[in-house]
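S.K.: Give me a 3D structure for the following:
(2 chains)
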Protein chains: 2
Amino acid sequence: MFESAEIGHFIDKETYEREAPALREALLEVQFELHQQKNAAVIVLINGIEGAGKGETVKLLNEWMDPRLIEVRTFDRQTDEELAHPPAWRYWRLLPAKGRMGVFFGNWYSQMLQGRVHGLFNNAVLDQAINGAERLEKMLCDEGAIIFKFWFHLSKKQMKARLHTLKDDPLHSWRISPLDWQQSKTYEKFVRYGERAIRRTSRDYAPWNIVEGVDPYYRSLTVGKILLEGLQAALNAPPVTAHSTHEAPFIDDFSGVSLLDCLDMSLRLGKNDYEEQLITEQARLSGLMRDKRMRRHALIAVFEGNDAAGKGGSIRRVAAALDPRQYDIVPIAAPSEDERAQPYLWRFWRQIPARGKFTIFDRSWYGRVLVERVEGFCTRVDWMRAYGEINDFEEQLTNAGAIVVKFWLAIDKDTQLERFQEREQIPFKRFKITEDDWRNREKWDLYRRAVCDMVDRTSTEISPWTLVEANDKRWARVKVLRTINEALEAAFDKRDKHDKKRKK
Amino acid sequence: MFESAEIGHFIDKETYEREAPALREALLEVQFELHQQKNAAVIVLINGIEGAGKGETVKLLNEWMDPRLIEVRTFDRQTDEELAHPPAWRYWRLLPAKGRMGVFFGNWYSQMLQGRVHGLFNNAVLDQAINGAERLEKMLCDEGAIIFKFWFHLSKKQMKARLHTLKDDPLHSWRISPLDWQQSKTYEKFVRYGERAIRRTSRDYAPWNIVEGVDPYYRSLTVGKILLEGLQAALNAPPVTAHSTHEAPFIDDFSGVSLLDCLDMSLRLGKNDYEEQLITEQARLSGLMRDKRMRRHALIAVFEGNDAAGKGGSIRRVAAALDPRQYDIVPIAAPSEDERAQPYLWRFWRQIPARGKFTIFDRSWYGRVLVERVEGFCTRVDWMRAYGEINDFEEQLTNAGAIVVKFWLAIDKDTQLERFQEREQIPFKRFKITEDDWRNREKWDLYRRAVCDMVDRTSTEISPWTLVEANDKRWARVKVLRTINEALEAAFDKRDKHDKKRKK
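M.R.: Predicted coordinates for the structure are as follows:
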């Protein structure tokens, strides 16, 4: 979920200075238009890691836009008066009116995350608070609000560096002292519970935007563009009707650098290394699957990737380590008539392995946010709600003890071309290449965008994505096997620790 | 919430035999049409009190409709296979396909209520399960399902009588033994947690229908008509689009008897009794408000009622008992411009009393489901979602220690006419009667229907409605005061018990 926000996005000063004036002008214009139309209130929630630029962003918005139409609300410790009322009262009384923008710096999320990080309550109570936030936001949107949710992020290392340089700035002593944040534990808990809240409240009508906070130019332009795009969409949309809410903004990556660009596509493995490592990992997998601790888990491996990225070959190397009774391979093609008569997750639910079993999905439920999105087989709202639905689905799997590993096998465009051509030339490989493959290739950039959104919105602590550099098939196969083994070992270890703790 | 389902609805045999054949024919027709169109799956959830006719209803549906298009699913104890999968797996694999109907006899609600009633987990975990159900149902509806949720109800007395006569019927030994149910505690817990689930999952796209289970004729016709109306609405609706779900059925009372009919409108109080009781209750209120335990509570009294039912007079009698610094009276008229620029609950949130304080609302947030519904000031979807939003709102109030009492002052049509005429004749009362009042009077039946729905859907354990027989103003005033006093005493007692328990 936070991977994309730890890759060091930045925008150089020149680009920033070129783009900022036009963006400011456009923002002012849209803000004015909103004020004229008075058909929606705008609520901007500012959350995230200490030192990631929350305060600076709030200052910036006031600077860029007309401050007479913006209300910045800082929710710090509750006042006596607030404590004498229901918790939501403090937010309600400061809601912006239609035509205006309220920036909530510190809000219901900060409050629940504080409480959980400091151990005031457990996960079930956190979930009650999360559900409360979801209901509140749903209602506000039904009443015509446009909600922007920003999570400003820094990796732990970045945060420590930032706090060090900023420790004398009074803006940064807000809510939690930076001293507290310097502790690794606080950071880790905050990120873990933050992810839980983001995962469960990123809804089509009010999705989260995770913004990397290191570079102020990148951060400022990104926030500005998300607001602009979202507000323009809302202004140009037909009036909110009974059945609809404002279409939520859902935003491109503005620095032009994505997670996929950060892969080192030159990684490869020599033949001897490959054979040695492959056999080692296969033996390890074989042992782990026979480990008696496996009886309490199911294993689910999802394979997605570019066409010709080598999914089939990797899957075969995994299967080769196992007895055929231990696993199932489920190839996913276009849905059958029976499957189309059901919710899209139905055909995957049917194939979920029982405890002790292993199922490999050769393509998966992620088709909803990849091919169905890109090809327009479902509407925008459908694939937007799918991220949340998929996170819910995978949470149910992992709650029941399943270990979910997800692979995106990435190759570059040239490698794909080579492989396509090879497939066309070798008779026994010809069945593997169709007109569809060539058509998909023309949509390379759209797929790329969809993959990045998918990883950003569904790579979670409970079920992370692994991006696999697959230009070299050997490298990819070994990485896949190793990742599965590590996931199994981590799950077994966690369970052992848990059992030990319970015995005490 | 269950009040309407405890008043002894019944339909005589003759009416039943006259209406049933046409209903069956219409149901078959709509079922066939659904099968042809194949645009929606129908899911019928059967829940409620043991002995209230759940089994009979399932049998009836199979009898009335084409059983080849109905799948009855009984979810009893989990099988080994089910236990080896995530909990929702058992439901997913038995979902009906589009064009078909699945009757889920025992379902996610039965499972969570069982768990809570038997103390397997606490309220926070129950809320997680409720939220899970909500997410599942939302997704199914987004995917085009039509969900009917039936709660078959009996009062405790009715249940005991039914179980006694039915104890040898094997259909009724399902899931929980009737013996278990015979215990008052089980009934009370089941109803309490059931209400919690109903309150939180009754959404515009999938509302609950609470059906009184005593009389089989009434029960059967009611279920049949709800299904028919809902299915017809879905079939005639435009196709489900990205932003909409099937419009949920929302159903009239079919027996022609409503809660309001059960009020004894002849109740009155003689002058002497009135004066004695009034002063007693006023003194009691005065004392309770000065009780130091009041510091931990806020008191909120909502007054709604027919025009000329005497709200103002009752409010004055309450206020007369108190020091003006102790209370606020908030009269609610049409919203101002500022108020219209905010979500409809905003203006009420602003007026919520702090702990220790008392606020009287002369009309309230219930305007949304009364005047706004009847006059068409908001859409059907708006007022349908308002029940859930209002329940959420009041839950937040009570969670923060507020005591919420709600009065509907009911008069009959003749009494209203008399009072209108009197107002027109007495100069100093003339300001109280306007053209609006006469117009509202013409919509008497629509208001009556809205009041019944309001009470059915928002009279909750945490914040019940009190219907006040107000043909006699004296009776009404004393009943209002007494109800407030009893609510305060009950809250104080509950808190005392809670404190005692904690000290142990």
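S.K.: Every contact and neighbour count from this point should use C-alpha atoms.
M.R.: OK.
S.K.: Would you quantify the distance from A:R100 to A:A41?
M.R.: Between A:R100 and A:A41 the computed distance is 6 Å (Cα to Cα, to the nearest Å).
S.K.: So if I had to pick from the two, which one is more boxed in?
M.R.: A:A41 (26 against 23; other Cα atoms under 10 Å in any protein chain shown).
S.K.: which residues sit in contact with the more buried one?
M.R.: Listed by Cα atoms under 8 Å, 6 or more residues apart in numbering or on different chains, the contact set of A:A41 reads A:P96, A:A97, A:K98, A:G99, A:R100, A:M101, A:G102, A:G144, A:A145, A:I146, B:Q342.
S.K.: With B:E143 as the reference, measure out to the third one.
M.R.: The reference is to A:K98. Distance from A:K98 to B:E143, by Cα to Cα: 32 Å.
S.K.: do the same with the fifth one
M.R.: According to Cα to Cα, A:R100 and B:E143 sit 35 Å apart.
S.K.: doesn't A:P207 make contact with A:C141?
M.R.: No. Applying Cα atoms under 8 Å as the test, A:C141 and A:P207 come out as separate, 11.8 Å apart.
S.K.: Any regions of chain A where pLDDT drops low?
M.R.: Scanning chain A for pLDDT under 70 picks out A:166-183, A:237-256.
S.K.: domain assignment for it?
M.R.: A:3-257, A:266-404+A:466-503 (automatic domain parsing).
S.K.: Would you reformat those domains as a markdown table and include distance to B:C262?
M.R.: Formatted as a markdown table, those follow (distance: least, Cα to Cα, whole Å):
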| stretch | distance to B:C262 |
| --- | --- |
| domain A:3-257 | 35 |
| domain A:266-404+A:466-503 | 45 |
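S.K.: sorry, back to before: filter the contacts of A:A41 down to just the ones in strands.
M.R.: A:M101, A:G102, A:I146 (DSSP state E).
S.K.: Spatially nearest residue to the last one (excluding sequence neighbours)?
M.R.: In other words, A:I146. A:V42 (4.8 Å; Cα to Cα, 6 or more residues apart in numbering or on different chains).
S.K.: show me the contacts for the one you found.
M.R.: A:P96, A:K98, A:G99, A:R100, A:M101, A:G102, A:A145, A:I146, A:I147, A:F148.
S.K.: do A:F148 as well
M.R.: A:V42, A:I43, A:V44, A:L45, A:A206, A:P207, A:W208, A:N209, A:L227, A:P249.
S.K.: and it, what are its phi and psi?
M.R.: Backbone torsions for A:F148, taken as degrees, to the nearest 10, come to phi -110, psi 130.
S.K.: Quick check: bridge partners of it?
M.R.: A:V44 (DSSP bridges).
S.K.: if I look at it, how far off is A:V103?
M.R.: Remark: distance between A:F148 and A:V103 (Cα to Cα) = 9 Å.
S.K.: and the helix or strand harbouring A:L228, C-alpha only, in PDB?
M.R.: A:L228 is located in helix A:216-236, with elements delineated by DSSP states H and E. Extracted in PDB, the C-alpha atoms of helix A:216-236 (Å, rounded to 0.1, in the frame of the first residue of the first chain):
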ATOM      1  CA  PRO A 216       8.100  19.300  -1.400                       C
ATOM      2  CA  TYR A 217       7.800  20.000  -5.100                       C
ATOM      3  CA  TYR A 218       6.500  16.600  -5.900                       C
ATOM      4  CA  ARG A 219       4.200  16.700  -2.900                       C
ATOM      5  CA  SER A 220       2.800  20.100  -3.600                       C
ATOM      6  CA  LEU A 221       2.100  19.400  -7.300                       C
ATOM      7  CA  THR A 222       0.600  16.100  -6.500                       C
ATOM      8  CA  VAL A 223      -1.800  17.400  -4.000                       C
ATOM      9  CA  GLY A 224      -2.700  20.400  -6.200                       C
ATOM     10  CA  LYS A 225      -3.400  18.200  -9.200                       C
ATOM     11  CA  ILE A 226      -5.500  15.700  -7.200                       C
ATOM     12  CA  LEU A 227      -7.600  18.500  -5.900                       C
ATOM     13  CA  LEU A 228      -7.900  20.200  -9.200                       C
ATOM     14  CA  GLU A 229      -8.900  17.000 -11.100                       C
ATOM     15  CA  GLY A 230     -11.300  16.000  -8.400                       C
ATOM     16  CA  LEU A 231     -13.000  19.400  -8.200                       C
ATOM     17  CA  GLN A 232     -13.200  19.700 -12.000                       C
ATOM     18  CA  ALA A 233     -14.800  16.300 -12.200                       C
ATOM     19  CA  ALA A 234     -17.400  17.300  -9.600                       C
ATOM     20  CA  LEU A 235     -18.200  20.600 -11.200                       C
ATOM     21  CA  ASN A 236     -18.700  19.100 -14.600                       C
END
